[in-house]
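Chemist: any chance you can model this:
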Amino acid sequence: MMTIRFRYGNAAPLFHYSYPVADIASRFYRPVSERCPKNAEYRECTNICPEKSCDNYLQVSSCFSLRCGAPGCICKEGYVFLSSNKELGCVKRETCVKLNALKKSNEENTTNN
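Modeler: Numbering: from 1, shown residues only. Okay, here's the model as predicted:
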C-alpha cells in the first residue's frame with residue numbers, strides 16, 4: 001500500500017483519496033531525496049543539458065533542448081552549482097570568479113615554493 005507523506009509530516013494511505021485529490025497531494029509531496037540544497041529549487045521538468053557549475057560556467061554549451069529532463073533540483077536564476085557535487089548547493093556566478101582566482105593564486109604559490 002502506497003502512503004502519501006505531506007510536507008508537514010501528515011501521512012495517509014493513497015487509496016483513501018480519489019484520483020484528483022491524490023494528484024493534488026502529490027504536487028505538495030517531496031521525498032527526502034528531492035529536498036534541494038542551498039540556492040536551488042525543485043522542478044518537475046529540468047533541462048536535459050548538463051548543469052552549469054563553477055568548473056564550467058564560462059564554457060559555451062552546444063546543448064539545446066526543449067524536452068523535459070528528470071524531476072530534480074536546479075539552481076535559482078543567476079546561480080550555478082558550486083561543483084559537480086550538487087549537494088554542495090548553488091552560488092552566484094560572481095562567486096565562481098572569486099573562487100577560480102583564489103584557486104589559481106594558490107596553484108601559482110604552490111609551484112613557486
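Chemist: residues of whichever helix in the chain runs longest that come out buried?
Modeler: Selection of the longest helix in the chain by residue count, based on DSSP state H, yields helix 93-112. The neighbour-count check on helix 93-112 (16 or more other CB atoms under 10 Å) flags residue 96 as buried. (C-beta placed from N, C-alpha, C; glycine too.)
Chemist: quick one: low-confidence parts of the chain?
Modeler: Counting by pLDDT under 70, the ranges of the chain that qualify are 1-34, 113.
Chemist: mind listing the strands for it?
Modeler: Along the chain, the segments classed as strands by DSSP state E run 3-5, 11-13, 40-43, 46-47, 68-69, 72-75, 79-81, 90-92.
Chemist: in the sheet, which strands lie alongside the last one, parallel or antiparallel?
Modeler: If I follow you right, that is strand 90-92. With DSSP bridges as the test, strand 90-92 is paired with strand 79-81 (antiparallel).
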